[in-house]
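*Asks:* Predicted structure and sequence below. I'll ask about it afterward.
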Amino acid sequence: MADILITVLGIICVVFVWVALYDSNRFVVRELKIKDRRIRKPFRAVVVADLHNKRYGKENERLLAAIREQKPDMILVAGDIPTAKPGKKLDVAVNFLKKLREDYPVYYANGNHEHRLKLYPEKYGDMAEHYAEALADMGIEPLVNGHAELAELGVVVYGAEIAKQYYKRFGKPEMDEAYLKKTLGAPDKECYTVLLAHNPEYFPRYAQWGADLTVSGHVHGGIVRVPFWGKGLVSPSLAPFPKYDGGVFREGDSVMLLSRGLGSHTIPVRLFNPGELWVVDFTPELM
């Protein structure tokens with residue numbers, strides 16, 4: 001009996017290792033359709049989040065090919081393209097973004113890793129400066145609590161860089177109702193508002209502020225997806241089975257697209273949880 005149990009456990013372990021290796025090196029394409037009367041003409045965006053220096057192919061050619069296949073009009077970046085690690089090279093993130101920028105407009109909001117590079121120069125040296133210079137050279141200006149008006153589309157894209165306290169582990173600090181308005185200003189209700197906000201935990205506040213579509217990442221799908229149940233196992237704040245783990249969520253008329261991301265960092269494993277590349281089609285809604 002003991003031999004049978006050991007054999008079964010061994011087979012289960014082998015299966016889990018195989019799935020982890022498989023899922024950690026692949027991604028799937030998911031789609032979301034948005035209709036709104038304020039959108040003036042159809043356009044398509046591809047969402048990239050949480051690459052964390054991951055390579056799909058030597059020069060990320062698999063990922064780039066998948067993006068090009070979607071024929072997007074723009075790229076929405078929801079943060080954490082590099083990984084904040086002392087001495088870690090930025091080449092993968094920079095080269096990937098450079099190739100994207102050659103073909104598409106890129107609207108980029110920082111994640112906690114980009115933010116961390118700026119906050120702690122004593123730890124990361126001049127990594128933040130080098131990264132900022134590389135982005136500027138390729139014509140990408142991160143939306144650091146700023147916005148880009150796309151008047152011809154009837155859309156405004158905001159980028160939120162919330163304070164480091166909102167990434168605290170072991171607990172979720174409350175965000176004051178007025179925080180986002182003070183940080184971002186008030187959105188124009190005559191335009192469709194897209195908010196790139198890396199941390200999804202504050203989606204109710206984003207919706208209250210006036211985001212029509214929030215684009216987030218950060219949670220990596222919970223690292224492990226529980227089979228059949230489909231829930232993510234743990235959030236970066238170490239909360240078990242987080243409410244916002246991946247997919248599409250709603251607060252009234254506000255929608256959040258939460259990407260499970262494309263890479264990983266501290267725990268370099270994805271189990272039953274392949275990376276995600278999201279495609280969003282925006283179309284006018286006829287009155």
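*Replies:* All right, it came through fine. Everything numeric here is computed off the predicted structure, so don't read it as measured data.
*Asks:* and the residue nearest to A197 when sequence neighbours are not counted, how many neighbours?
*Replies:* If you skip the residues right next to it in sequence, A197 has A160 as its closest partner in space, 4.2 Å away by CB to CB, 6 or more residues apart in numbering. Where you see a C-beta, it was placed from the backbone N, CA and C, and this is true even at glycine. Other residues within reach of A160 by the criterion other CB atoms under 10 Å amount to 29.
*Asks:* how near is A160 to P268?
*Replies:* A160 is 27 Å from P268, where distance means CB to CB, to the nearest Å.
*Asks:* can you dump the C-alpha coordinates of the helix or strand hosting F282 into CSV?
*Replies:* Element membership for F282 (DSSP states H and E) is strand 275-284. Extracted in CSV, the C-alpha atoms of strand 275-284 (Å, rounded to 0.1, in the frame of the first residue of the first chain):
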residue,chain,number,x,y,z
GLY,A,275,1.0,34.2,-19.3
GLU,A,276,-1.6,36.4,-20.9
LEU,A,277,-1.7,38.8,-23.8
TRP,A,278,-4.9,40.8,-24.0
VAL,A,279,-6.5,42.3,-27.1
VAL,A,280,-9.1,45.0,-26.5
ASP,A,281,-11.4,46.1,-29.3
PHE,A,282,-13.0,49.5,-28.8
THR,A,283,-16.0,50.4,-30.9
PRO,A,284,-18.6,53.2,-30.9
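*Asks:* Which parts of that strand count as buried, going by neighbours?
*Replies:* When neighbours are counted by 16 or more other CB atoms under 10 Å, the buried residues of strand 275-284 are found to be G275, E276, L277, W278, V279, V280, F282, P284.
*Asks:* ok, these vs K99, which is closest?
*Replies:* Out of those, the one with the shortest distance to K99 is L277. That distance is 14.9 Å, counting by CB to CB.
*Asks:* how much space between the closest one and E190?
*Replies:* Remark: distance between L277 and E190 (CB to CB) = 31 Å.
*Asks:* residue boundaries of the strands in the stretch 151-287 of the chain?
*Replies:* Read by DSSP state E, counting those that start in this stretch, the stretch 151-287 of the chain holds these strands, from start to end of the chain: 155-160, 192-197, 213-216, 247-251, 254-258, 275-284.
*Asks:* mind putting those strands in JSON lines, mean pLDDT and distance to A186 included?
*Replies:* Output for the strands of the stretch 151-287 of the chain, formatted as JSON lines (pLDDT from 0 to 100; distance: least, CB to CB, whole Å):
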{"stretch": "strand 155-160", "mean pLDDT": "98", "distance to A186": "11"}
{"stretch": "strand 192-197", "mean pLDDT": "98", "distance to A186": "10"}
{"stretch": "strand 213-216", "mean pLDDT": "98", "distance to A186": "16"}
{"stretch": "strand 247-251", "mean pLDDT": "98", "distance to A186": "18"}
{"stretch": "strand 254-258", "mean pLDDT": "98", "distance to A186": "15"}
{"stretch": "strand 275-284", "mean pLDDT": "98", "distance to A186": "22"}
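*Asks:* For R169, find the nearest of the ones you listed.
*Replies:* Between R169 and the strands of the stretch 151-287 of the chain, the shortest separation by CB to CB is 17.8 Å, and it involves strand 213-216.
*Asks:* Need the contact partners of that closest one.
*Replies:* Residues from elsewhere that reach strand 213-216, judged by CB atoms under 8 Å, 6 or more residues apart in numbering: 34, 47, 49, 76, 78, 192-200, 203, 206-207, 244, 254-259, 280.
*Asks:* Low-confidence stretches in the stretch 1-150 of the chain?
*Replies:* 1-2, 4-9, 11-12, 14-16 (pLDDT under 70).
*Asks:* which stretches of it form strands?
*Replies:* 27-36, 43-48, 74-77, 106-108, 146-150.
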